[in-house]
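In: how does the following fold in three dimensions:
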Amino acid sequence: MTDRSSLASSCVEALIKRVLPEGGFSMFPGGGFRADATAWAVLALSLAPSVERATGVIENGRSRLAASQSEDGRVSVSPSDPGPFWPTSLAILAWHGSSKYAKHRVRATDFLLRTTGKHWEKTENSPLAHDTSIHGWPWNQDTHSWVEPTSLSILALRTAGVGGHKRVLEGVRMLMDRQLPSGGWNYGNTIAFGTELLPQADCTGIALNALAGEVPQSDVEISLRYLKTQVTRLRTPLSLGWGILGLGAWGRRPGQATSWIGECLARQDLSGVYDTTLVSLLLLALEGKRGLEHLFR
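Out: Below is the predicted model of the structure:
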């Protein structure tokens, strides 16, 4: 099955099976509420123009996210553990386009703008090559900033209309500092104890989405070349989804992207069903011919 419409419909059907009676989504059918799963599902369902929009499901998901937002604006993985606040950026994206949640979006945006990771001045004898003083965003409160949460925060803040804020500009600078000398990105380290670390396709795709329109193409050409060579052999959902979106954000979407996504979805017969994040990502990769952010326009 390689028809884009059929593939999109299968993704939508899989997501609908994770809808909870009280609103929101679980990570797997039969599971409990997860803020990150809900945000990803709402995002994918609301931005997929080729499928019928499940308006009630989307609205209930947004409402459940709003109910899980803390007073300071963050949206955490679990209400009982506010430290892992990285779903905040996803919630901002999920609330996009709905005036009903404008205040929630503003509170979440303000939280990201005043929040950063744990940073320190780089010393000459540091075992890490990257500049530890450049501020981005962490996964968890009071920890160092890394590539994925920083990339998602940049994307969220741009869609919220504050792309020119100094925090966003510093986040871009942080991503460029974490680009590996030979191309690509991993979770956020470049050279440790004198050894260059390996890139990862998913992290590279996420970073390229965040950097699109922020830096000249020449600054990321080496990473685009790396990702182009990798994506032809990738059939795991996280790497393939972000790989396709990353190349698409720079006008390099492969012509075989739809058939590759079909192959990836078919692998569930052997590996088991993908979680909500991965199904949503593949749906977005089907629709996002020019990257994730272009779907918001």
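In: mind listing the helices for the stretch 1-150 of the chain?
Out: Ranges of helices in the stretch 1-150 of the chain, per DSSP state H, counting those that start in this stretch, are 4-16, 35-47, 55-68, 87-94, 102-113, 147-159.
In: check the gap between the residue lying closest to Asp142 once chain neighbours are set aside and Thr236 for me.
Out: Residue nearest to Asp142 in three dimensions, not counting chain neighbours: Lys118, with 5.5 Å by C-beta to C-beta, 6 or more residues apart in numbering. Any C-beta I mention is one placed from the backbone N, CA and C, and that applies to glycine too. Shown here: Lys118 relative to Thr236, a distance of 31 Å by C-beta to C-beta, to the nearest Å.
In: same check, this time on Ala66
Out: 33 Å.
In: do Val106 as well
Out: Distance from Val106 to Thr236, by C-beta to C-beta: 37 Å.
In: go on, Leu283?
Out: For Leu283, the distance to Thr236 - C-beta to C-beta - is 16 Å.
In: which of the two has more neighbours?
Out: Leu283 (30 against 15; other C-beta atoms under 10 Å).
In: and the angle from the helix or strand hosting that one to helix 87-94?
Out: In this assignment (DSSP states H and E), Leu283 forms part of helix 276-287. Interaxial angle, helix 276-287 versus helix 87-94 (axes from the mean of the first three to the mean of the last three C-alpha atoms, to 10 degrees): 40 degrees.
In: what's next to helix 276-287, contact-wise?
Out: 4, 7-8, 11-12, 14-15, 18, 25-28, 34, 36-37, 40-41, 43-45, 47-50, 237-238, 240-242, 244-245, 257-258, 261, 264-265, 274, 292, 295 (C-beta atoms under 8 Å, 6 or more residues apart in numbering).
In: from those, list just the buried residues.
Out: Among the contacts of helix 276-287, those scoring as buried are 7-8, 11-12, 14-15, 18, 25-28, 34, 36-37, 40-41, 43-45, 47-48, 237-238, 240-242, 244-245, 257-258, 261, 264-265, 274, 292, 295 (criterion: 16 or more other C-beta atoms under 10 Å).
In: now the strands for the chain?
Out: Assigned by DSSP state E, the chain shows strands spanning 191-192, 195-196.
In: how about a markdown table for the ones you listed, with mean pLDDT and distance to Asp81 added?
Out: Output for the strands of the chain, formatted as a markdown table (pLDDT from 0 to 100; distance: least, C-beta to C-beta, whole Å):
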| stretch | mean pLDDT | distance to Asp81 |
| --- | --- | --- |
| strand 191-192 | 92 | 29 |
| strand 195-196 | 94 | 34 |
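In: can I get these in JSON lines with distance to Gly73 and mean neighbour count?
Out: Listed next are the strands of the chain as JSON lines, based on distance: least, C-beta to C-beta, whole Å; neighbours: other C-beta atoms under 10 Å:
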{"stretch": "strand 191-192", "distance to Gly73": "34", "mean neighbour count": "14"}
{"stretch": "strand 195-196", "distance to Gly73": "38", "mean neighbour count": "11"}
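In: include distance to Leu93 when you put those strands into a markdown table, please.
Out: Converted to a markdown table, the strands of the chain look like this (distance: least, C-beta to C-beta, whole Å):
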| stretch | distance to Leu93 |
| --- | --- |
| strand 191-192 | 32 |
| strand 195-196 | 33 |
